[in-house]
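*Asks:* What shape does this take:
(chains A, B and C)
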Amino acid sequence: MRNLPSPQMAARLLACVRERRPRVHCLMNTVVQKFTADGITVVGGIPSMTSSREEIADFVAKADALTVNLGTLDAEHRAVILRAVEVANAGGKPWILDPVHCDYSPSRLAFARDLIALGPTIVRGNRAEMELIGETGACLRIQTGPVDHLADGRATVRIANGHRWMAAVTGTGCLSGGVIAAFMAVEKDPLNAAAGALAVTGVAAECAARNAAGPGTFGVALLDALSALGEAELVSHARIEHDQG
Amino acid sequence: MRNLPSPQMAARLLACVRERRPRVHCLMNTVVQKFTADGITVVGGIPSMTSSREEIADFVAKADALTVNLGTLDAEHRAVILRAVEVANAGGKPWILDPVHCDYSPSRLAFARDLIALGPTIVRGNRAEMELIGETGACLRIQTGPVDHLADGRATVRIANGHRWMAAVTGTGCLSGGVIAAFMAVEKDPLNAAAGALAVTGVAAECAARNAAGPGTFGVALLDALSALGEAELVSHARIEHDQG
Amino acid sequence: MRNLPSPQMAARLLACVRERRPRVHCLMNTVVQKFTADGITVVGGIPSMTSSREEIADFVAKADALTVNLGTLDAEHRAVILRAVEVANAGGKPWILDPVHCDYSPSRLAFARDLIALGPTIVRGNRAEMELIGETGACLRIQTGPVDHLADGRATVRIANGHRWMAAVTGTGCLSGGVIAAFMAVEKDPLNAAAGALAVTGVAAECAARNAAGPGTFGVALLDALSALGEAELVSHARIEHDQG
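*Replies:* Modelled structure (predicted):
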């Protein structure tokens, strides 16, 4: 029988990330590179961000998981992404695709679909993005929003944590993609990894909001909260709901 | 008779931006992309930042206003800017040019002048930049500093808000360019839009300074203050002075 | 006899940077451009960040010191770095090399060695990076960590300031490279400049930690502390130890 996500499992995975310090390589839009790197670091991972054609294979080969984010996408970056995915797939490393703003540009949407054909472990987007993406085959689908919806064809999970200020800070979604990658590095079932990572991020956001006066201080307090989040606090606040598929 | 900028008008425009949520596309230097995106978001707009040749037309076509910032400029970025301006002009969309550091590089200055020939709605720079730029034709000129000077050939306006820590935080000028773009999306007269946006940014900076211990916390508190700024507070603190030209 | 670094000297150099406002050009990875620019600004310098082939010579010619950081390195960026170093060397301007993550990629390590052959004033890295780099010829070597080790072949200096949260904030090392460059612009002996800059950054980090609740607020408070750091506080807290070589 399948072991479905729970607050206790989220806490166990967070402890694993903190102990094992997985390396996460990020092909991240230039807008939120530091915010995402900081988020991965404070949750316990070790981020790297390079995106040069000459070096990408070396960096992905050293990473435990990969996040591919399509913000600020150009021709060079596309080539680098394809090479990174090739190396990740060859090494059996999990990778998450974040098709940011694919609803703005047909060429970006087409590229997102090409990448989905290469078998990401997870695709994560907001509602507009995921509706456009359509079928994703075997990978775990995540639609983030006030409630996050996860579905892998066998089970569906909802995470009902978070705070409205997340939408007022550029890059909280990208950061959570990086945190999911860190969790995938320590947990084989993508549904468990992603549910744990999103519960951690969502509960940390709730803590952060209590220490913030607005979206600016919230973004900073989110890093503090991710760093300080206790397992007991996570277990008591995580709202993970599921239906066997 | 022309309706000149006033604190009440600034408050009305801020309410409009918060209600209509204009899309602002930013061709922004890579240094301050997140800070600018956060500033646009907390004031009520929806930012996008991509700068790839393949996608720029799609993004500008979906935007209500465009900001063109010349920091971290390379050949590819120049081509993208020219394409973005072409799409903005064809669609009658307002755009603001921020010729950052054109006083450091003759080739950047020459490119800034080429762009001015394409008819930006507004050119904004600091004193050194604006003096070098020289004639700007029909567009609104803004010289920002301890007091901001706006002139469109018919009227001149001064905004005497702000705080000295703005100069100690990289990107406050770029952020204000993004906020101006958001205001241009809801107000046809560039003088009114820019005066409103600069009063909002300046009064928010004054609020932020009261909640900050130095330039670091000030930069963060500025985002809180832009998000929370009340219309009454804006009206009572905005210092907008003008002479009919 | 050689005048070796001391807390008093660090305070004198900080006063010089604040008074003379040196220009520091940064060829910086895209991840931490704003954080580094803010750090240079609050310590008293004037940063610039452009990295285009057409403009780099103009920017370096106007700068008083240069920092070359190898994060997010691609072919274009390599060409720009070589041109920047050529202009710096021709103008007798000091430059610091930060071979970020050269332990991840053989091609990056090879490029770092090519740059070392061009005679940087300082090479700064963490332990893994500096061990791989090996011989560096005549330049000052700095290995940063809980204790920073400086060695120029004649003397060795240790700086025992700082805080563990520095390792949890992406870019504190890059920021300190920018601060070192600002200090090199006002002090000819690289050992003195770097010791002063690292003492300033380390003592500021200790102050910041007292005003922070975690790595997020620490990163912001570090900018406040660098801006506010008093000479008396620096002198009483700087831990600069040395052995004549």
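*Asks:* Now the residue sitting nearest the centre point of chain A: phi and psi?
*Replies:* With distances taken as C-alpha atoms, centre = their mean, the residue of chain A nearest its centroid is residue A:177 (1.7 Å). Residue A:177 adopts backbone torsions of phi -60, psi -40, taken as degrees, to the nearest 10.
*Asks:* and it, how far is that from residue A:27?
*Replies:* To residue A:27, residue A:177 is 11 Å away according to C-beta to C-beta, to the nearest Å. Bear in mind the C-beta positions are built from the backbone N, C-alpha and C, glycine included.
*Asks:* and what of residue A:142?
*Replies:* 18 Å.
*Asks:* Could you check which of those two is surrounded by more residues?
*Replies:* Between residue A:142 and residue A:27, residue A:142 has the larger neighbour count (other C-beta atoms under 10 Å in any protein chain shown), namely 28 against 25.
*Asks:* surely the more buried one meets residue A:194?
*Replies:* Yes: using C-beta atoms under 8 Å, residue A:142 is in contact with residue A:194, at 5.8 Å.
*Asks:* list residues touching both of these two?
*Replies:* A:122, A:124, A:150, A:180 (C-beta atoms under 8 Å, 6 or more residues apart in numbering or on different chains).
*Asks:* Quick one, which of these are buried?
*Replies:* A:122, A:124, A:150, A:180 (16 or more other C-beta atoms under 10 Å in any protein chain shown).
*Asks:* Give me the helices and strands touching the longest helix along chain A, please.
*Replies:* In chain A, taking DSSP state H as the definition, the longest helix is helix A:190-210. Here helix A:190-210 touches helix A:7-20, strand A:122-125, strand A:140-143, strand A:148-151, strand A:155-159, helix A:172-184, helix A:215-228, helix A:231-237, going by 3 or more C-beta pairs under 8 Å, 6 or more residues apart in numbering or on different chains; DSSP states H and E.
*Asks:* looking at the ones you listed, which is buried most?
*Replies:* helix A:172-184 (a mean of 29; mean count of other C-beta atoms under 10 Å in any protein chain shown).
*Asks:* re earlier: tell me which two of the shared contacts of residue A:142 and residue A:194 sit farthest apart.
*Replies:* In the shared contacts of residue A:142 and residue A:194, two members sit farther apart than any others by C-beta to C-beta. They are A:150 and A:180, at 10.2 Å.
*Asks:* shared neighbours, those two?
*Replies:* A:142, A:194, A:198.
*Asks:* who's in contact with the second one?
*Replies:* Neighbouring residues of residue A:194 by C-beta under 8 Å, 6+ apart: A:122, A:124, A:140, A:142, A:150, A:180, A:183-184.
*Asks:* From chain C, how far off is it?
*Replies:* Applying C-beta to the nearest C-beta, to the nearest Å, the value for residue A:194 to chain C is 23 Å.
*Asks:* want to throw the shared contacts of residue A:150 and residue A:180 into JSON lines with distance to residue A:231 and pLDDT?
*Replies:* Below are those laid out as JSON lines (distance: C-beta to C-beta, whole Å; pLDDT from 0 to 100):
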{"residue": "A:142", "distance to residue A:231": "23", "pLDDT": "97"}
{"residue": "A:194", "distance to residue A:231": "19", "pLDDT": "98"}
{"residue": "A:198", "distance to residue A:231": "16", "pLDDT": "98"}
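*Asks:* Adding distance to residue C:69, write those out as JSON lines.
*Replies:* As requested, the shared contacts of residue A:150 and residue A:180 are exported to JSON lines (distance: C-beta to C-beta, whole Å):
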{"residue": "A:142", "distance to residue C:69": "34"}
{"residue": "A:194", "distance to residue C:69": "33"}
{"residue": "A:198", "distance to residue C:69": "33"}
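*Asks:* so which of the contacts of residue A:194 comes closest to residue C:235?
*Replies:* Minimum distance to residue C:235 across those is 46.3 Å, recorded for residue A:183 (C-beta to C-beta).
*Asks:* And residue A:69, its phi and psi?
*Replies:* According to degrees, to the nearest 10, residue A:69 has phi -120, psi 130.
*Asks:* Can you give me the buried ones in the longest helix of chain A?
*Replies:* Applying 16+ other C-beta under 10 Å to helix A:190-210 flags A:190-205, A:207-209 as buried.
*Asks:* Next: stretch A:74-83.
*Replies:* For stretch A:74-83, by 16+ other C-beta under 10 Å, it's A:74, A:76-78, A:80-82.
*Asks:* Kindly report the residues of chain A close to chain B.
*Replies:* A:29-32, A:34-35, A:71-75, A:77, A:101, A:104-108, A:168-171, A:212-217, A:219-220 (C-beta under 8 Å from any C-beta of the partner chain).
*Asks:* Next step: the residues you listed restricted to strands.
*Replies:* Judged by DSSP state E, strands contain none of the residues of chain A next to chain B.
*Asks:* Just the buried residues of those residues.
*Replies:* Here, 16+ other C-beta under 10 Å leaves A:29-32, A:34-35, A:71-74, A:77, A:101, A:104-105, A:108, A:168-171, A:212-217, A:219-220 buried among the residues of chain A next to chain B.
*Asks:* Among those residues, which ones lie close to chain C?
*Replies:* A:30, A:34, A:219-220.
*Asks:* quick revisit: and which of the contacts of residue A:194 is nearest to residue A:57?
*Replies:* residue A:184 (19.9 Å).
*Asks:* phi, psi of the residue nearest to that closest one when sequence neighbours are not counted?
*Replies:* Distances taken as C-beta to C-beta, 6 or more residues apart in numbering or on different chains place residue A:94 nearest to residue A:184, at 4.0 Å, with adjacent residues excluded. Per-residue torsions, residue A:94: phi -70, psi 150 (degrees, to the nearest 10).
*Asks:* which residues sit in contact with residue A:174?
*Replies:* With C-beta under 8 Å, 6+ apart, residue A:174 has these contacts: A:28-29, A:32, A:35-36, A:69, A:71, A:98, A:100.
*Asks:* switch the cut-off to 7 Å
*Replies:* Shown in contact with residue A:174 (C-beta atoms under 7 Å, 6 or more residues apart in numbering or on different chains): A:28-29, A:32, A:36, A:69, A:98.
*Asks:* try residue A:169
*Replies:* Residues in contact with residue A:169 (C-beta under 7 Å, 6+ apart) are A:215, A:218-219, B:38.
*Asks:* One more: residue A:223?
*Replies:* A:38-39, A:42, C:214-216.
*Asks:* Likewise for residue A:222?
*Replies:* A:204-205, A:208, C:216.
*Asks:* before we move on, what about residue A:227?
*Replies:* Per C-beta under 7 Å, 6+ apart, neighbours of residue A:227: A:42, C:168, C:214-215.
*Asks:* Nearest residue to it in space, please, no chain neighbours.
*Replies:* Among residues not flanking residue A:227 along the chain, residue A:42 sits closest, at 4.0 Å (C-beta to C-beta, 6+ apart).
*Asks:* how many other residues sit next to the one you found?
*Replies:* Counted with other C-beta under 10 Å, residue A:42 comes out at 26.
*Asks:* That one is in contact with residue C:215, isn't it?
*Replies:* Yes: the criterion here is C-beta atoms under 7 Å, and residue A:42 meets it with residue C:215 at 5.2 Å.
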